[in-house]
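Build the 3D model from these lines:
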Amino acid sequence: MSDTLPYSRKDVHYDNAKFRPRSFFKVITQSFLTSNLKRSCFSFSTGKCLILLLIFGVAYLMLTHTSPGRIVTHDQAIGNKKIEGDSSITNGDGRLKKLLRRAPRLPPRIPPDTKGTNNSSDHVPGNLDVSSMWITRQQKVKDAFIHAWSGYKKFAMGYDELMPLSKHGTDGLGGLGATVVDALDTAMIMGIDEVVAEAGSWVEEHLSERISKKGQVNLFETTIRVLGGLLSAYHLSGGENGLNSTHAGPKPAVYLQTAKDLADRLLSAFTASPTPIPFSDVILHDKSAHPAPGGLSSTSEVTTLQLEFNYLSSVSGDPKYGLEAMKVLGHIKNLPKVEGLVPIYISPESGQFSGENIRLGSRGDSYYEYLIKVWLQGRASHDSNTSYLHEMYTEAMKGVRHLLVRKSIPNGLVFVGELPYGPNSDFSPKMDHLVCFLPGTLALGATKGLTKKQAMKNSMLNFEDLENLKLAEDLAKTCFEMYSVTSTGLAPEIAYFHTEEFSEEGLDGGNKSSEYVNDIIIKPADRHNLLRPETVESLFVLYRITEDPKYREWGWQIFEAFEKHTKVDTGGYSSLGDVTTIPPHRRDKMETFFLGETLKYLYLLFGHNSLIPLDKFVFNTEAHPIPINLKK
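So this is what the prediction gives:
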């Protein structure tokens, strides 16, 4: 019998003689030969003669009688004309075969309500084509982006962010129209030329003027959102032999010239500092800079500028941008660390780390992300000496596994905690949603953007790579469960994990049917959701690398929860105040990264792997794709 259940009777083959049925002809002849009829039939009479004539007559009618009419399709009718001349031969022969054909023994039928045991999410009931399903889901994400943009365009065009409930805009990022630039390359990737034209025209007509007149901006936020967005738009619109994914909007040179103007002003954060560690705040209109209140910079902020400045140097031909940014990492290479891990604050005045707080959440996260991504970007250039970054990354991930990774009880979710007072103090089972960038980074670092299958075939994975890839998959599951454990299906900003040393009663996510309801603790102050992208970012990277469809299914569940609980009818999406209650309280804010990152990563997750391939691009920490083939 065939290995799988047959789709029709013709697919059944028998090789089990025990159940092989005998034909009607064999039954009659065997009975005749073994009964008294054998003797009596040889004595001839008139009655017997009539009976024989009757039997032969019935047999003749069965062989020659025309079969009942049936519906004939257009294609069948055409086929019948072609064989019309042979019908007298084939019809009789076919009827004889049908008469003598043995009825097949069908396998047992599966009840319609019985669920299959195949865990592959690519199995879709009703024979729905899986590829078509994901194209449809990808279109849903595109529709969500258009809805988000429509609200922003209607109520907040030119402002940094939309307040969708009160229907107006707000400038919380320096007044450079951050949502416009953050969303621009997402629209290019999705092929929404109308939005590309609207956003591109705004950049061409207004952004340069704002850059020259605006006051204080944060170096980090402006670099990752605005500078990164302009550079990605430059490449995707065809600049420097780029993808030319759109013919809408201004020429690529407009994006590049605007990026250079902005970067020239941001450079003052580097040149004004007495050390290679830049100041955190820049005054754009007079090209000056100063430290943040308290004098310290975030470690993640000063080490998450290099992808953008390196690429700008490559496409502009001016090395000053990349040289200044890379001085930061060169300096940090020589600072003392804890098994590769670093505190979350650093002083521009002294150039030294400040405090002992070690975490991969806020103020620490993207330092580790850029170690591997800047190395990937730089290794394409023969004159780039960035091997030390890979060494720093490798050491840091060993430190993460040794010092920060734990398992929850009772069900053993793998999570990354914190050391608030250094390695010799108590461990905290606290994990920001921001930490969910790490599964994607670990997977990217293991295979260098190739699929796991390709990397294995090329003998690229050592034991440590495989260990990191396993940790990536375990952490991705934990990040997804931070969503599914809540009543809304959306993750809180911060979660704590139940361990032998830490437990708090009555602070679950609200979804009592979740297997992990007792593993994850959500404190009242941490229950908000800001439409963050980190989990779907990692799902996207892991799907591309492992090709496991479960990551797509998880992403779809998250997207549906966003649609259900955060969509605002008049346009845009809102943050939530409490993900553990239904209906959730809404916050009047749509962050720029919802269009720039969250929806972009979901769209790519549901799309084809050839769209922005991971071995050709690195995504900056704001999801702006930057090509890694820098000019040499």
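
Spell out, range by range, the strands that occur in the stretch 301-450 of the chain.
Residue ranges of the strands in the stretch 301-450 of the chain, as given by DSSP state E, counting those that start in this stretch, are 345-346, 353-354, 405-407, 414-416, 430-432.

Any chance of JSON lines for these, columns distance to T222, mean pLDDT and mean neighbour count?
Where C-beta positions appear, they are placed from N, C-alpha and C, glycine not excepted. Below are the strands of the stretch 301-450 of the chain laid out as JSON lines (distance: least, CB to CB, whole Å; pLDDT from 0 to 100; neighbours: other CB atoms under 10 Å):
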{"stretch": "strand 345-346", "distance to T222": "19", "mean pLDDT": "98", "mean neighbour count": "24"}
{"stretch": "strand 353-354", "distance to T222": "23", "mean pLDDT": "98", "mean neighbour count": "20"}
{"stretch": "strand 405-407", "distance to T222": "34", "mean pLDDT": "98", "mean neighbour count": "16"}
{"stretch": "strand 414-416", "distance to T222": "28", "mean pLDDT": "98", "mean neighbour count": "22"}
{"stretch": "strand 430-432", "distance to T222": "23", "mean pLDDT": "98", "mean neighbour count": "24"}
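
Report the residue spans of the stretch 251-400 of the chain with pLDDT below the cut-off.
Within the stretch 251-400 of the chain, the stretches with pLDDT under 70 are 380-384.

hang on, the earlier thing: export the strands of the stretch 301-450 of the chain to a markdown table and tack on distance to G294?
Output for those, formatted as a markdown table (distance: least, CB to CB, whole Å):
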| stretch | distance to G294 |
| --- | --- |
| strand 345-346 | 9 |
| strand 353-354 | 9 |
| strand 405-407 | 31 |
| strand 414-416 | 27 |
| strand 430-432 | 21 |
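
Between those, which one is closest to Y516.
Judged by CB to CB, the one of the strands of the stretch 301-450 of the chain that comes nearest to Y516 is strand 414-416, at 10.9 Å.

ok now that closest one, how far from the chain's centre?
Between the centre of strand 414-416 and the centre of its chain there are 20 Å (CA atoms, centre = their mean, to the nearest Å).

partner strands of it, parallel or antiparallel?
strand 405-407 (antiparallel) (DSSP bridges).

what's the closest of the strands of the stretch 301-450 of the chain to H247?
Nearest to H247, of the strands of the stretch 301-450 of the chain and by CB to CB, is strand 430-432 at 40.9 Å.

Could I get the pLDDT score of T64?
In the predicted model, T64 carries a pLDDT score of 52.

same check, this time on the one 3 residues further on
The model reports S67 with a pLDDT of 41.

now K82
39.

Repeat that for G79.
pLDDT, G79: 38.

Ok, D113 next?
36.

who are the neighbours in contact with E349?
Neighbouring residues of E349 by CB atoms under 8 Å, 6 or more residues apart in numbering: 274-275, 291, 295.

My guess is L243 contacts L236. True?
Yes: counting by CB atoms under 8 Å, L243 touches L236, with 5.3 Å between them.

of those two, who's got more company?
The residue with more neighbours, out of L243 and L236, is L236; 26 against 18, by other CB atoms under 10 Å.

and the gap between the residue lying closest to that one once chain neighbours are set aside and F309?
Distances taken as CB to CB, 6 or more residues apart in numbering put M188 closest to L236, at 4.4 Å, once the chain neighbours are dropped. To F309, M188 is 22 Å away according to CB to CB, to the nearest Å.

S280 now?
Taken as CB to CB, the span from S280 to F309 is 16 Å.

with the contacts of E349 in mind, which one is nearest to L599?
P291 (34.9 Å).

how many other residues sit next to that closest one?
19.

pretty sure it contacts P278?
No: look at P291 against P278 with CB under 8 Å: they stay out of range, at 9.4 Å.

okay, and the common contacts of these two?
The contact sets of P291 and P278 overlap at 297, 348 (CB under 8 Å, 6+ apart).

in this protein, which residue is closest to the centre?
Among the residues of the chain, the one closest to the centroid is F540, at 2.2 Å (CA atoms, centre = their mean).

So for S245, what's the pLDDT?
pLDDT, S245: 70.

Identify the residues contacting it.
188-189, 191, 236-237.

Just flag the most distant two among those.
G191 and S237 (12.7 Å).

the more surrounded of those two?
More neighbours surround S237 than the other of G191 and S237, with 27 against 12 (other CB under 10 Å).

Not counting sequence-adjacent ones, nearest residue to that one?
That would be P252: by CB to CB, 6+ apart, it lies 4.6 Å from S237.

what does Q557 give?
Nearest one to Q557, counting by CB to CB, 6+ apart, is G489 at 6.6 Å.

and what of T581?
The shortest distance from T581 to any non-neighbouring residue, by CB to CB, 6+ apart, is to S487 (6.1 Å).

Next, count neighbours for that neighbour.
S487 has 19 nearby residues by other CB under 10 Å.

so it touches V579, yeah?
Yes: taking CB under 8 Å as the definition, S487 is a contact partner of V579 at 7.1 Å.

Could you tell me which residues touch both of these two?
Going by CB under 8 Å, 6+ apart, residues that sit against S487 and also against V579 are 509-510.

For the chain, which helix or strand comes out least confident on mean pLDDT?
When each helix and strand of the chain is scored by mean pLDDT, DSSP states H and E, helix 74-82 comes last, with a mean of 38.

biggest helix in this protein, by residue count?
helix 130-156 (DSSP state H).

for whatever helix or strand comes next after that one, packing partners?
Of the helices and strands lying after helix 130-156 in sequence (DSSP states H and E), the nearest is strand 161-163. With contacts taken as 3 or more CB pairs under 8 Å, 6 or more residues apart in numbering; DSSP states H and E, strand 161-163 sits against helix 130-156, strand 168-170, helix 178-190.

If we use 6 Å, what do you get?
Where contact means 3 or more CB pairs under 6 Å, 6 or more residues apart in numbering; DSSP states H and E, strand 161-163 is packed against helix 130-156.

Compute the inter-axis angle for the helix it packs on and helix 178-190.
150 degrees (axes from the mean of the first three to the mean of the last three CA atoms, to 10 degrees).

In which helix or strand does P276 reside?
Counting by DSSP H and E, P276 is part of no helix or strand.

ok, it to L305 distance?
12 Å.

Show me which of the two is the more surrounded one.
L305 (32 against 18).

That one reaches T223, doesn't it?
Yes: using CB atoms under 6 Å, L305 is in contact with T223, at 5.1 Å.

picking up where we left off before, for the residue nearest to the centre of the chain, what are its contacts?
Shown in contact with F540 (CB atoms under 6 Å, 6 or more residues apart in numbering): 601, 604-605.

Tell me the one among those residues nearest to L404.
Y601 (24.5 Å).

Which pLDDT value goes with that closest one?
98.
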